[in-house]
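# sequence and predicted structure below; questions after.
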Amino acid sequence: MINKNHVFIFPFILLGISCFFLDPYTQNIDKVLLQPSLTNGFSYIFGTDYIGRSYLDRLILGGINTIGLALIIVFTSSILGFFLGCYAAIRKGTIESFIMRLSDILMSMPGILLAIVIVAIFGNGVIELFIALVIVLIPRFIRFSHSITSRINTELYITIAKVAGSSKIQILKNEILPNSKNLLMQQSILSFSEVILEISALGFLGLGIPAPLPEWGAMLAESRNYFSTNPYLIILPGLCLMLVVLFLNYIGENLTINKREKNAIKN
Amino acid sequence: MLLKIEELKVKTEDIILLDNIDLEVNHGEIIGIIGESGSGKSLLAKTLLALNSKNLVTSFRSYNYEDKSYSYDEIKFLRGKHIAMIFQNPHTALDPSANVKSQLKNAILLNNKSENIEHKSIELLNEMGIKDAERCLKLYPHQLSGGMAQRILIALMLAREPSLLIADEPTTALDPLVQEQILNLLKAIVKKRKMGLILISHDLRVIKKYADKTIVMYSSQVVEKIETQKILNHAKHPYTRELISLIPSENIKYKENLKTIKGRILAANEYVMGCRFSNRCLLVEEKCNTKVPELKDSTYRCHF
């Protein structure tokens, strides 16, 4: 059944369909820095940027780029981090301390700085950005799933599973995964909005998604010079960024509240 | 002979936690182990399944299961299929995120991949005395009462048809009425399936009613082994006799104090030269403090 949370999916479906009709690259010299207005025609409804590209199309495609990339990054690093953290917690000993100390080292550096260093070493591109942000994000998931798994590992039902003769993989599949997936989900959604901000920050510094591809942070950066004459160039991508992060946090919060309510009703 | 262990020792680097324990279990036999907190009952149960943490050193002269000898590392292959264990608090022993059906499914699949799961789980639950089994399959652990949860736990363990069940204080967390039901159920199952049962408890009345043989543990040692029928009149060790005298009589008066054994049990890290019960014993003499008593005729550990 559809409830009010599912409504959030429709804007994304619209975005997905609309990207077939977008044209964010064509430069129109006679329409440079057009102010947003309803009389411009649909594709220029939000005006144009400093070389005459449709600002609406660039905003939409920028959003798809940022959100899509952030989604892939969070997905990859949560899966990888979960398994590394679980492995460390179950195996214990040298492997555990190796994995955990490595992630401590990575976490001790400020995320954005680490990402800048990695991008500076490997060069500027989508793959490099992806690698950099996965490296920034993964220690958090390792530590997170390590602590959850260590906690679950001391529970009596794990002993029961052992007594019943389950192997370690069966315990991981039947006990640890189902009991940690909700917490992992919340952590992922919280990280999701953070990753979007980081992609934009790197884009603003010119280290993000490379130039012809539209991206909100880069759009903010290249409109800085027109700030006083054409403020919409800054306001629109900034507003988009803010709304997306706000909505993501709202969804994350909703998720936790719903879970709590459900548990309360069950009990 | 179902299980026979000789000279079982568990220790850390310098502290002895279990001291030379011999244990024998036959088919269809209920062995009761009794002792106060800290005497090593639960540790013994865990050691039988090799569930001890890695910093404990476990050694034994022999561990025979159905006339086959096992080393400590091989014991884990006996888990589930041959030896199963149930615990004190059934609610924490069940996975909170899965309903009864999927937990039973996992247990049954471990045993036999081709089994009809629906049929088998209802059969198991009926055997546990749960009448509306189909409704019960849909419930989550927090929706079960204590007695129900313990029954489900027993069902989970019996799904693999083990021949020895270790029950580590199975009824301590339950109220007396349910306690009796669960213990009767366990007894019936053990007799019906010709299994062995090691029943650990600190309630002498439970042991007296259900066990065939009783092992009394005190401060990491076995102090007495006796047929349960004889325990009331023929117990030889002073600790056992004290315990029996402590059972409150039925015509106890209002506000009358319950009797206790004075003093406290020695912790495992407290070393004494002689008998470990000497600080509380009523019969204590000079040699009790200097000489360690042996297990006489392998039945009781006392100088007298």
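Yes, it's here.
# what number of residues lie near the residue of the stretch 101-250 of chain A found nearest chain B?
The minimum distance from the stretch 101-250 of chain A to chain B, using C-beta to the nearest C-beta, falls at residue A:165 (2.6 Å). (Each C-beta comes from the backbone N, C-alpha and C, glycine too.) Here the number of neighbours of residue A:165 (other C-beta atoms under 10 Å in any protein chain shown) works out to 21.
# pLDDT score assigned to the residue of the stretch 51-200 of chain B found nearest chain A?
Using C-beta to the nearest C-beta, residue B:80 is the residue of the stretch 51-200 of chain B that sits closest to chain A, at 2.6 Å. Residue B:80 is assigned a predicted lDDT (pLDDT) of 84.
# check contacts around the residue lying closest to it once chain neighbours are set aside.
Nearest residue to residue B:80 in three dimensions, chain neighbours excluded: residue A:165, at 2.6 Å (C-beta to C-beta, 6 or more residues apart in numbering or on different chains). Residue A:165 sits next to B:79, B:80, B:81, B:110, B:160 when contact means C-beta atoms under 8 Å, 6 or more residues apart in numbering or on different chains.
# out of those, who has the most neighbours?
residue B:80 (26 neighbours).
# for residue B:49, see how far away that one is.
Applying C-beta to C-beta, to the nearest Å, the value for residue B:80 to residue B:49 is 9 Å.
# shared neighbours, those two?
Joint contacts of residue B:80 and residue B:49 (C-beta under 8 Å, 6+ apart) are residue A:163.
# quick one, helices of the chain?
In the absence of a named chain, this looks at chain A. Under the criterion DSSP state H, chain A contains helices at A:9-18, A:55-91, A:93-108, A:111-122, A:126-153, A:156-163, A:168-171, A:177-204, A:216-222, A:232-266.
# oops, chain B please
Here chain B has its helices, by DSSP H, at B:41-48, B:90-93, B:100-111, B:117-127, B:133-137, B:146-158, B:176-193, B:204-210, B:231-234, B:238-246.
# of those, which is nearest residue B:19?
For the helices of chain B, the distance to residue B:19 is smallest for helix B:41-48, at 10.9 Å, taking C-beta to C-beta.
# and the angle from that closest one to helix A:156-163?
Interaxial angle of helix B:41-48 relative to helix A:156-163 (axes from the mean of the first three to the mean of the last three C-alpha atoms, to 10 degrees): 40 degrees.
# near chain A, which residues of the stretch 1-150 of chain B? Just list them.
Within the stretch 1-150 of chain B, the positions near chain A by C-beta under 8 Å from any C-beta of the partner chain are B:49, B:51, B:79-81, B:84-85, B:87, B:89, B:92-98, B:106-107, B:110, B:140, B:142-143.
# what about residue A:20, neighbour count?
Neighbours of residue A:20 under the rule other C-beta under 10 Å: 6.
# ignore the last one, residue A:188
Neighbourhood size, residue A:188 [other C-beta under 10 Å]: 22.
# how about it, what does it touch?
The neighbourhood of residue A:188, defined by C-beta under 8 Å, 6+ apart, consists of A:74, A:75, A:78.
# what subset of the residues you listed is buried?
Buried members of the contacts of residue A:188, scored by 16 or more other C-beta atoms under 10 Å in any protein chain shown, are A:74, A:78.
# just the closest of the contacts of residue A:188 to chain B, please.
Of all the contacts of residue A:188, chain B sits closest to residue A:78, with 18.5 Å by C-beta to the nearest C-beta.
# contact partners of stretch A:4-16?
Stretch A:4-16 is contacted from outside by A:60, A:63, A:64, A:67, A:247, A:251, A:254, A:258, using C-beta under 8 Å, 6+ apart.
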